[in-house]
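**Q** All I have is the shape, not the residue letters:
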């Protein structure tokens with residue numbers, strides 16, 4: 001396998017992480033949630049960065065088949081934690097959503113574990129020898145039904161973004177696994193209907209959707225996106241300079257989380273935003289190169305699922321902040337403030353590194369076998 005794939009993957013992730021810390025130092029002190037401490041978010045992000053790096057290096061050394069084979073335990077734990085979000089004194093309600101758990105001084109989102117569990121589930125399911133993916137019940141209804149249960153508990157937390165992300169990744173994996181296209185198309189249509197129902201039943205999401213279509217008629221719901229566009233426009237090509245942005249001065253809500261991209265555009269300009277897009281493209285290409293060259297079907301599906309989870313999350317965030325999509329509330333991977341999401345993304349990188357290591361080990365074994373066969377053939381010729 002080309003070693004440049006791993007080098008480019010780590011280079012892209014390292015660049016995004018470094019930029020994230022710098023921009024948190026620039027934006028975090030102006031947030032109302034900083035509790036009067038200028039570097040409150042930087043300290044907490046560095047703490048989660050340390051946790052994420054430990055996970056990354058640890059998972060890089062653990063055989064990825066372990067996680068694929070242990071999917072029932074990951075699935076059960078994810079389901080339990082999602083339910084705990086509604087348990088008093090355990091679940092935390094923030095900004096009208098019950099998607100957090102506060103435990104041992106840490107606040108994290110169980111939906112991040114649910115994403116990983118769904119990918120492991122589908123990787124195991126479609127890597128079985130009997131090739132069930134062509135069957136409608138065993139290869140389509142049952143696995144997507146199990147994923148749908150996780151999606152149900154995620155959406156009632158009022159987390160439509162993570163629900164859509166899990167669903168889109170699951171559909172992508174079923175398609176890559178070889179499911180019939182008519183099955184995939186039918187579930188895509190069902191997914192669109194489910195999103196439409198969620199928008200209609202959740203008043204906050206209804207306002208965001210119509211604000212996306214007619215921002216002039218819904219100024220309150222469109223305020224955040226409009227302020228983000230002002231920030232992007234103010235930056236121009238070269239930007240106002242690091243730390244000189246104005247929209248983060250309480251004009252743009254959540255400038256350190258979901259809407260950190262417009263602040264980057266304001267301070268670093270078009271060059272900074274295009275650099276971010278380029279880094280994500282490199283991440284996707286390098287990650288898919290590792291997944292495609294994995295040693296087996298499980299590695300292919302697991303690597304593809306993890307790359308797609310991060311790639312689609314980045315695409316949705318960029319689409320929301322540039323008003324190409326309705327507001328979904330998803331952070332920008334590796335950059336936005338958010339401990340559990342950062343830890344998940346770095347854990348996914350660690351698993352990709354293990355997929356690469358497993359493939360390299362197999363290639364080395366094959367090379368050694370070929371060398372031994374060549375030596376044996378040479379010895380036979382010498383004896384003759």
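**A** Received the coordinates, thanks. Worth saying up front: this structure is predicted, and the values here are computed from it rather than measured.
**Q** Could you identify the helix or strand that succeeds the worst-scoring helix or strand of the chain on mean pLDDT?
**A** Lowest on mean pLDDT, DSSP states H and E among the helices and strands of the chain sits helix 203-213, with a mean of 69. Following helix 203-213 in sequence order, the next helix or strand is helix 219-235 (DSSP states H and E).
**Q** Which elements pack onto that next one?
**A** helix 203-213, helix 260-292, helix 297-321 (3 or more Cβ pairs under 8 Å, 6 or more residues apart in numbering; DSSP states H and E). From N, CA and C alone the C-beta is placed, and that goes for glycine too.
**Q** for stretch 57-71, what is the average pLDDT?
**A** The pLDDT scores in stretch 57-71 average 94.
**Q** Please spell out which residues along that stretch are buried.
**A** Using 16 or more other Cβ atoms under 10 Å as the test for burial, stretch 57-71 gives 59, 60, 64, 65, 67, 68, 71.
**Q** Would you mind identifying the next helix or strand past the helix or strand the fifth one falls within?
**A** Element membership of residue 67 [criterion: DSSP H and E] is helix 64-69. Downstream of helix 64-69, the next assigned helix or strand under DSSP H and E is helix 71-84.
**Q** How many residues are close by residue 244?
**A** Residues contacting residue 244 under the criterion other Cβ atoms under 10 Å number 11.
**Q** need the contact list for the residue lying closest to residue 344 once chain neighbours are set aside.
**A** Distances taken as Cβ to Cβ, 6 or more residues apart in numbering put residue 112 closest to residue 344, at 4.1 Å, once the chain neighbours are dropped. Going by Cβ atoms under 8 Å, 6 or more residues apart in numbering, residue 112 touches 340, 341, 343, 344.
**Q** same thing with residue 297?
**A** By Cβ under 8 Å, 6+ apart, residue 297 lies in contact with 126, 127.
**Q** ok, it to residue 140 distance?
**A** Using Cβ to Cβ, to the nearest Å, residue 297 is found at 17 Å from residue 140.
**Q** contacts for stretch 83-90?
**A** 91, 92, 98, 99, 100, 101, 102, 103, 110, 153, 157.
**Q** By neighbours, which of these wins?
**A** residue 110 (28 neighbours).
**Q** Against residue 99, how distant is it?
**A** 8 Å.
**Q** next one: residue 270
**A** Taken as Cβ to Cβ, the span from residue 270 to residue 99 is 34 Å.
**Q** Buried residues of stretch 152-170, list them for me.
**A** Neighbour-count burial for stretch 152-170 [16+ other Cβ under 10 Å]: 153-170.
**Q** Quick one: end-to-end distance for that stretch.
**A** 14 Å (Cα to Cα, to the nearest Å).
**Q** Please apply the same query to stretch 173-182.
**A** Across stretch 173-182, first to last residue, Cα to Cα, it's 15 Å.
**Q** How about stretch 170-188?
**A** Termini of stretch 170-188 sit 10 Å apart (Cα to Cα).
**Q** Stretch 58-78 too?
**A** Taking Cα to Cα, stretch 58-78 runs 21 Å from one end to the other.
**Q** One more: stretch 321-341?
**A** 18 Å.
**Q** got the contact list for the closest residue to residue 232 other than its chain neighbours?
**A** Nearest-residue entry for residue 232: residue 265, 4.1 Å, with adjacent residues in sequence omitted and distances by Cβ to Cβ, 6+ apart. Going by Cβ under 8 Å, 6+ apart, residue 265 touches 231, 232, 235, 239, 272, 273.
**Q** Residue 12 too?
**A** 279, 280, 282, 283, 286.
**Q** switch the cut-off to 6 Å
**A** 279, 282, 283 (Cβ atoms under 6 Å, 6 or more residues apart in numbering).
**Q** Format those residues as TSV; extra columns: neighbour count.
**A** Supplementary listing: the contacts of residue 12 in TSV, determined by neighbours: other Cβ atoms under 10 Å:
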residue	neighbour count
279	21
282	18
283	27
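**Q** just curious, which of these is nearest to residue 121?
**A** Using Cβ to Cβ, residue 283 comes nearest to residue 121 of the contacts of residue 12, at 23.8 Å.
**Q** Regarding the residue nearest to the closest one when sequence neighbours are not counted, what is its secondary structure?
**A** Using Cβ to Cβ, 6+ apart and skipping residues adjacent in sequence, the residue nearest residue 283 is residue 12, 4.3 Å away. Judged by DSSP: H, G, I helix; E, B strand; the rest coil, the three-state class of residue 12 is helix.
**Q** Check the spacing between residue 12 and residue 318 real quick.
**A** For residue 12 relative to residue 318 (Cβ to Cβ), the value is 15 Å.
**Q** same question, residue 217
**A** 25 Å.
**Q** These two: which has the busier surroundings?
**A** Set side by side, residue 217 and residue 318 show more neighbours around residue 318, with 17 against 10, by other Cβ under 10 Å.
**Q** For that one, which non-adjacent residue is closest in space?
**A** Ranked by Cβ to Cβ, 6+ apart and with sequence neighbours excluded, the top spatial neighbour of residue 318 is residue 261, at 6.4 Å.
**Q** That neighbour and residue 332: what is the separation?
**A** Counting by Cβ to Cβ, the gap from residue 261 to residue 332 is 6 Å.
**Q** cool, and residue 39?
**A** The value you get for residue 39 to residue 332, if Cβ to Cβ is used, is 20 Å.
**Q** Which one's more surrounded, the two?
**A** Neighbour totals were compared for residue 39 and residue 332, and residue 332 leads with 27 against 14 (other Cβ under 10 Å).
**Q** Setting aside sequence neighbours, what's the nearest residue to the more buried one?
**A** residue 317 (4.5 Å).
**Q** farthest-separated two in the contacts of residue 112?
**A** 341 and 343 (7.3 Å).
**Q** so where's the stretch 151-300 of the chain shaky on pLDDT?
**A** 195, 198-207 (pLDDT under 70).
**Q** Contact partners for the residue nearest the centre of the chain?
**A** Nearest to the geometric centre of the chain sits residue 310, at 2.9 Å (Cα atoms, centre = their mean). Contact analysis of residue 310 by Cβ under 6 Å, 6+ apart lists 333, 345.
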